[in-house]
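[1] coordinates only, sequence not included:
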Ligand SMILES: Nc1nc(=O)c2c([nH]1)NC[C@@H]1CN(c3ccc(C(=O)N[C@@H](CCC(=O)O)C(=O)O)cc3)CN21
Ligand SMILES: CC(C)C(=O)C(=O)O
Ligand SMILES: [Mg+2]
């Protein structure tokens, strides 16, 4: 395990070498230290913390102040992993707001990259952020911040028009300067095709094993959300043992293409 810090360039190099990228969410310094020691490549301060930590039924109530606070907690515990923070609901409603929000996540929180949900309508925002030195991760497929329009956490990209939109948005986001792409809850074949087409790494969640990397919510893969973890998750604590062993098993399974398996993909 290389101890040198993960950068945007090293993630691109991992993709070029065919090495899969292991990503987990992280909201605090204790877990940040543990995940960093274990060699996780990227830690995401996901707005999923609104559901996992705060008990809300969606990510919509999460505020920028809360994201800045958790990002600062995580960066104090991380030294090798790249730290990516979600821009929460409404914090990137205009390009100017996105710039101010990203500035806080980076300057106060210490994030090295920000993530935003959406495609075509956010291209100008991504270009502006990138121009100002903010690395951007795009997030397509299921966009949980739009749950009130979607009517639930539904799988995306099943029909031709929806798949076409995701394909187009993925390329457009790369062209706009995004350094990373998260694809959530899309068919394995679509995610595989996008990962092959794009030069930037594609990180899947509920998107099959053929992505360049995988991301899960830490509490889901530790089996701490019984009955609530999405079907695409796997309980890496099920064999018993310690949190660190479960995290080690997750990283190995991602690296070796053993996660997700068919039962965590076809549903
Ligand atoms: N704990 C947790 N894990 C996540 O993966 C996660 C969050 N929270 N919060 C933010 C988003 C929301 N996500 C979710 C949340 C729920 C489902 C879910 O319940 N999926 C159902 C299928 C629902 C359907 O098809 O209508 C499943 O059984 O997996 C999926 C993704 C993914 N993210
Ligand atoms: C599930 C990941 C991709 C996320 O956006 C989050 O944790 O908020
Ligand atoms: Mg999120």
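    Here it is on my side, so go on. Small disclaimer: the values here were computed from a predicted structure and weren't measured. Ligands and ions are numbered 1, 2, ... in the order given.

[2] wondering if stretch 129-149 reaches ligand 1 at all.
    Yes: on the criterion CB under 6 Å from any ligand atom, stretch 129-149 is in touch with ligand 1 at residue 144. C-beta here means a position set from N, CA and C on the backbone, and glycine is covered the same way.

[3] enumerate the residues of the stretch 101-250 of the chain near ligand 2.
    182, 184, 205, 215, 217.

[4] repeat that with 5 Å
    Neighbours of ligand 2 within the stretch 101-250 of the chain, by CB under 5 Å from any ligand atom: residue 182.

[5] quick one: contacts for residue 122?
    Shown in contact with residue 122 (CB atoms under 8 Å, 6 or more residues apart in numbering): 92, 116, 138.

[6] wait, the last one sits on residue 173?
    Same thing as residue 138. Yes: counting by CB atoms under 8 Å, residue 138 does reach residue 173; the two are 3.9 Å apart.

[7] joint contacts of the two?
    119, 126, 181.

[8] so which of the residues you listed is surrounded by the most neighbours?
    The residue in the shared contacts of residue 138 and residue 173 with the most neighbours, by other CB atoms under 10 Å, is residue 181 (28 neighbours).

[9] tell me what the one helix or strand that residue maps to is packed against?
    Using DSSP states H and E, residue 181 falls within strand 180-184. For strand 180-184, the contact count by 3 or more CB pairs under 8 Å, 6 or more residues apart in numbering; DSSP states H and E identifies strand 113-117, strand 136-141, helix 160-176, helix 188-197, strand 202-205 as packing neighbours.

[10] most neighbours per residue, which of those?
    Mean neighbours per residue, mean count of other CB atoms under 10 Å, is largest over the helices and strands packed on strand 180-184 for strand 202-205, with a mean of 29.

[11] and the next element down the chain from it?
    Once strand 202-205 ends, the next helix or strand along the chain (criterion: DSSP H and E) is strand 213-216.

[12] elements contacting that following strand?
    strand 21-25, strand 42-45, strand 202-205, helix 243-255.

[13] what's the straight distance from one end of stretch 54-74 to the other?
    Using CA to CA, to the nearest Å, the end-to-end distance of stretch 54-74 comes to 17 Å.

[14] for that stretch, buried residues please.
    Using 16 or more other CB atoms under 10 Å as the test for burial, stretch 54-74 gives 58-60, 62, 64, 66-74.

[15] that stretch near ligand 2 anywhere?
    No: judged by CB under 5 Å from any ligand atom, stretch 54-74 makes no contact with ligand 2; its nearest approach is 6.2 Å.
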